[in-house]
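Chemist: I'll drop the sequence and a predicted model, then ask my questions.
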Amino acid sequence: FAKEYSLEVLPAPAQNKYPDFSLRGEALNSGDKWVALDIKSGYRDGNRTKFTLGTYRGYMRDQESTQYSTLPYKSYMSHWCLCIIYTRAEGITEERKYTLEEIDKIPTICSDFEVHLHEKYKLASYTPGSGNTANIGSVTSLDDIRNETGPFAQYGVEVFEDYWINYMRKEDAERLGLKEPPYHDIKSYFEWRKNNPKT
């Protein structure tokens, strides 16, 4: 895709750097800005799956730094996720070696692939992706993923970023001397922001 559209591509220099690919070029109307592209995968569990969408600390809070990102966060004009959803084969427990002549007998462990390209904020949930890391969680309904109907989709990327830049876990709040985090969902976020307007 990048070659076809003459895009400049910067792969992440390390596994823990955001994003997986940085793209820019005339076809993206990006000017001197970049487009962030992260690749996510998840298996179906009924009508659900889940992704983690990157940290809400590090590069989001220090947008000048490259400690956790390929380029400073402010260098990106938009943030996209290429989401790969698949069905995981059940019951494959046998471990054995196959010869080249037996290649057609190797059981398939993944099938029924579904691929979506969405802006990150439209997939994001208002809860972390895991209990012990500072990762943004995704919506889990396949319908919400397919239709880009996460809770931030109607409010825009600015609300999404402000929510997660200021998000606190219980232990974060306690370190600051607070009894509890100032908000935990969209409704309480808007109440908090109303009482704490941006300066």
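Modeler: Thanks, I have the structure now.
Chemist: For the rest of this, base every contact and every neighbour count on C-alpha atoms.
Modeler: Fine.
Chemist: Okay, now the unreliable bits of the chain?
Modeler: For the chain, the stretches with pLDDT under 70 are 131-132, 199.
Chemist: Can you identify each of the strands in it by residue range?
Modeler: In the chain, the strands defined using DSSP state E lie at 8-11, 21-24, 34-43, 52-55, 76-88, 110-119, 124-128, 135-138.
Chemist: okay if I get these as JSON lines plus distance to residue 64 and mean neighbour count?
Modeler: Output for the strands of the chain, formatted as JSON lines (distance: least, CA to CA, whole Å; neighbours: other CA atoms under 10 Å):
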{"stretch": "strand 8-11", "distance to residue 64": "18", "mean neighbour count": "14"}
{"stretch": "strand 21-24", "distance to residue 64": "16", "mean neighbour count": "20"}
{"stretch": "strand 34-43", "distance to residue 64": "14", "mean neighbour count": "19"}
{"stretch": "strand 52-55", "distance to residue 64": "16", "mean neighbour count": "21"}
{"stretch": "strand 76-88", "distance to residue 64": "11", "mean neighbour count": "18"}
{"stretch": "strand 110-119", "distance to residue 64": "22", "mean neighbour count": "14"}
{"stretch": "strand 124-128", "distance to residue 64": "23", "mean neighbour count": "22"}
{"stretch": "strand 135-138", "distance to residue 64": "20", "mean neighbour count": "22"}
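Chemist: of the ones you listed, which approaches residue 194 most closely?
Modeler: Nearest to residue 194 among the strands of the chain is strand 124-128 (17.8 Å), distances taken as CA to CA.
Chemist: what helices or strands is that closest one leaning on?
Modeler: strand 135-138 (3 or more CA pairs under 8 Å, 6 or more residues apart in numbering; DSSP states H and E).
Chemist: First-to-last residue distance for stretch 89-100?
Modeler: 22 Å (CA to CA, to the nearest Å).
Chemist: which residues are contacting it?
Modeler: Contacts of stretch 89-100 from elsewhere in the structure, counted by CA atoms under 8 Å, 6 or more residues apart in numbering, are 106, 107, 108, 109, 110, 111.
Chemist: could the residues you listed go into TSV alongside distance to residue 5?
Modeler: Below are these laid out as TSV (distance: CA to CA, whole Å):
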residue	distance to residue 5
106	37
107	37
108	34
109	34
110	30
111	30
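Chemist: coming back round to it: which one of the strands of the chain lies closest to residue 182?
Modeler: Across these, residue 182 has its closest neighbour in strand 124-128 (13.3 Å, CA to CA).
Chemist: what pairs with the closest one, and is each one parallel or antiparallel?
Modeler: Sheet pairing for strand 124-128, assigned by DSSP bridges, gives strand 135-138 (antiparallel).
Chemist: about what we covered before: so which of the contacts of stretch 89-100 is the closest to residue 137?
Modeler: Here the nearest of the contacts of stretch 89-100 to residue 137, counting by CA to CA, is residue 110; it sits at 23.2 Å.
Chemist: The nearest residue to the closest one once chain neighbours are set aside and residue 78, how far apart?
Modeler: Distances taken as CA to CA, 6 or more residues apart in numbering put residue 88 closest to residue 110, at 4.9 Å, once the chain neighbours are dropped. From residue 88 over to residue 78 the distance is 31 Å, taken as CA to CA.
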